[in-house]
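# I'll drop the sequence and a predicted model, then ask my questions.
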Number of protein chains: 2
Amino acid sequence: MTVTLADVAARAQVSPATVSRVLNGNYPVAASTRERVLKAVDELDYVLNGPASALAAATSDLVGILVNDIADPFFGIMASAIQAEIGGPGGRAGGERLAVVCNTGGSPERELTYLTLLQRQRAAAVVLTGGAIEGAAHRAAMDAKLRKLADAGTRVVLCGRPPAPEAGAIALTFDNRGGGRELTEHLIGLGHRRLGYIAGPEERTTTRHRLEGHRAALAAHGIEEDPRWTVHGRYDRRSGYEATLELLRRDPTLTAFVAANDTVALGACAALRDSGLRIPQDVSVAGFDDLPFSIDAVPALTTVRLPLAEAGARAGRIAMGREEPPPGGIASVRGELMVRGSSGVPRA
Amino acid sequence: MTVTLADVAARAQVSPATVSRVLNGNYPVAASTRERVLKAVDELDYVLNGPASALAAATSDLVGILVNDIADPFFGIMASAIQAEIGGPGGRAGGERLAVVCNTGGSPERELTYLTLLQRQRAAAVVLTGGAIEGAAHRAAMDAKLRKLADAGTRVVLCGRPPAPEAGAIALTFDNRGGGRELTEHLIGLGHRRLGYIAGPEERTTTRHRLEGHRAALAAHGIEEDPRWTVHGRYDRRSGYEATLELLRRDPTLTAFVAANDTVALGACAALRDSGLRIPQDVSVAGFDDLPFSIDAVPALTTVRLPLAEAGARAGRIAMGREEPPPGGIASVRGELMVRGSSGVPRA
DNA sequence: GTCTACATAGAAAGCGCTTGCTGTCACGTT
DNA sequence: AACGTGACAGCAAGCGCTTTCTATGTAGAC
């Protein structure tokens, strides 16, 4: 029925061992023999049995990439960059690896389960992207799982996620706090004193860090924040729209709206427009991430650019052992403030 | 070192066979025994060896999802919906499956290689999303590969891709031609007679079908098309921007710009704005897909909504054998014209 | 011309799991 | 009282590959 190594061996008149060695290319095989084997492989249209090979060799060529939301370009861009470096097909030489992206949907259980599944497959490496989920219990469970993976030989890399020293993972962290602070300082510099903040889900580290940066900027400039100026929601447009309306209701005198990310900012812009406010003449808006579409907003979005693709590529290389991990296993990746049309001087 | 089935068996004082049966739950095991085994599994922190299990059972719980560009929400949305149905962790009961998305980047080789890798892993199912790559050779190679997969027991489903009868795959096709036609007819209905078309890459079926629909509409209304009115490019914003500038250069009297998709349309809008043209007063713009951000464009984009999530979910269910395939194995999914602010009556 | 060394090929022992088949009880039947 | 009959549990044979160790042939080395 299905062609096996033995079939190829028979056809090439060699032993299965030799065929295996030709295929793996890590043992001397005479050129003539190799050729004969390759010919047989081709003629028989032989495809290696992955599970069998993984079982015998005790390693697999799977590399897992965990993302919170695959439909969100924030993750898509990182995943794409990681995958390009992993090799996937067409990547660098050295044995093709199957880079698989797993969508956790931001659920703690799914995150854990995917990790188990990956562990079960004896994945060669795992890259976790984006913010982590807050909560001591989950955090501990994750750390334990990651450590177990690492101990089993799976390389674990965090990309855009806070370090997990307990887990012994390499971390490329985004400086969300610094970026958030810089962004808000820009707004303050323009003269804004009443700033609304549309935050993400409470249970995400990304949310907390960005908000902390925002508040740090406020505090540094002696601006006292009204608790009503912050609204939490999901990381999507719809949520941004509604949160903005809510903010407007709570305090119509706000002059600037800082969103947790660009997608949310877009929703905010829509809400403001629908409320008859002009950007940036009446109110300023700022996002975070600098996703590709942000420059197309009208006016273009002031935001903090995160080097998503670069960080992803680096994480991918580290996961493949093709680049040295940063000293201490932790590196902080900074964002860059992009001042564009959506932020301006507040109305007198 | 690593815990195996045998260890669990020893601890629970049963045979490995029994442990396996408890874990797979497809054979009667006394409740008390089951409990003992489960306890041992838990205490030992046992994780099944995926490859070994796949080898012995001759099936795996991997499901592959092929996408052309993971950073593009068009694919992200479909992938997300498919994955949700596949089960991934947290999905329906019945054994967790590892839904993996593979990013082909639109490269024929990578597409084929991923399929081989999936075949190698003895994937349970494979879903191919989005347009196919044109070209008889590649097409034949794909069909052969898909057929082989299907013959090996892997369920193959196409989502948003033209049918491949040769390959014996289930296909959920988007009616790109019909949508393209309807869209252009809307523009013609508004009075446009000089329409520029910003097409995608030539070698994609999606590109061709949408363009054919556009031309069919033109022909149906007796509008003769100037070959200069079509420009090909990539499916991204940048490309849309440049193509639009080129179109403007070739014929500044165009009154409407139809883009291959929403992302491209956004680029087109930017180019038009930068050229001092107002939308829709001076020129109309239309996209395709109705991605989430399209409604946020200013003005909101007239486009054709494709039920990406619905189609993906259905494809996922079919792949899992939880829904009957459409009669004949082929279903055409229609788009819906969304008329919004970006299209209007041409200037007199 | 015998001996050591190297290059290459094969034999065979698993890797950790699944599953068909074979027991072994404890019951309910006749 | 003898006997089918389920309900469970275990044995053991692989699944298809990798890899260690061993065998063989050939080429220099002395």
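Looks like it arrived, so ask away.
# At the contact with DNA strand D, which residues of the stretch 51-200 of chain A appear?
Proximity of the stretch 51-200 of chain A to DNA strand D, by CB under 7 Å from any atom of the strand, involves residues A:A52, A:S53, A:L55, A:A56, A:A57. All C-beta atoms are positioned from the backbone trio N, CA, C, and that covers glycine.
# tell me the mean pLDDT for stretch A:212-220?
Averaged over stretch A:212-220, pLDDT sits at 98.
# Going by neighbour count, list what's buried in it.
If you call a residue buried by 16 or more other CB atoms under 10 Å in any protein chain shown, then stretch A:212-220 has these buried ones: A:G213, A:H214, A:R215, A:A216, A:A217, A:L218.
# Of the residues of the stretch 51-200 of chain A next to DNA strand D, grab the buried ones for ChimeraX.
Buried residues among these (16+ other CB under 10 Å), as a ChimeraX selection:
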select /A:52,53,55
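# Include distance to chain B, secondary structure and pLDDT when you put the residues of the stretch 51-200 of chain A next to DNA strand D into a markdown table, please.
Shown next, in a markdown table, are those (distance: CB to the nearest CB, whole Å; DSSP: H, G, I helix; E, B strand; the rest coil; pLDDT from 0 to 100):
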| residue | distance to chain B | secondary structure | pLDDT |
| --- | --- | --- | --- |
| A:A52 | 5 | helix | 94 |
| A:S53 | 8 | helix | 93 |
| A:L55 | 4 | helix | 93 |
| A:A56 | 9 | helix | 93 |
| A:A57 | 9 | helix | 89 |
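# on that earlier part again, out of the buried residues of stretch A:212-220, which two sit at the greatest distance?
With distances taken as CB to CB, the most widely separated pair in these is A:G213 and A:L218, at 9.9 Å.
# residues shared between the contacts of those two?
Common neighbours of A:G213 and A:L218, using CB atoms under 8 Å, 6 or more residues apart in numbering or on different chains, are A:T184.
# need the residues of chain A near DNA strand C, please.
Counting by CB under 7 Å from any atom of the strand, chain A sits next to DNA strand C at A:13-18, A:28-30, A:32-33, A:52, A:55-56, A:58.
# next structured bit after the helix or strand of chain A with the lowest mean pLDDT?
Here the helix or strand of chain A ranked lowest by mean pLDDT, DSSP states H and E is strand A:98-103, holding a mean of 88. Using DSSP states H and E, the next helix or strand after strand A:98-103 towards the C-terminus is helix A:108-120.
# quick one: which of the residues of chain A next to DNA strand C sit in strands?
Among these, none falls in strands (DSSP state E).
# For PyMOL, what selects the buried ones among those residues?
This is how PyMOL selects the buried members of those, with burial counted by 16+ other CB under 10 Å:
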select buried, chain A and resi 14+18+29+33+52+55
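# So for the residues of chain A next to DNA strand C, which is the shakiest by pLDDT?
A:P28 (83).
# where does it sit relative to A:T59, distance-wise?
22 Å (CB to CB, to the nearest Å).
# And for A:G335?
The gap separating A:G335 from A:T59 is 37 Å, by CB to CB.
# So for these two, which sits in the more crowded spot?
Neighbour totals were compared for A:G335 and A:T59, and A:G335 leads with 22 against 15 (other CB atoms under 10 Å in any protein chain shown).
# Which of the residues in the helix or strand harbouring A:L158 are classified as buried?
Here A:L158 sits within strand A:155-159, counting by DSSP H and E. Using 16+ other CB under 10 Å as the test for burial, strand A:155-159 gives A:R155, A:V156, A:V157, A:L158, A:C159.
# Dump those to TSV, plus distance to chain B and pLDDT.
Formatted as TSV, these follow (distance: CB to the nearest CB, whole Å; pLDDT from 0 to 100):
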residue	distance to chain B	pLDDT
A:R155	17	92
A:V156	16	95
A:V157	18	96
A:L158	19	97
A:C159	15	97
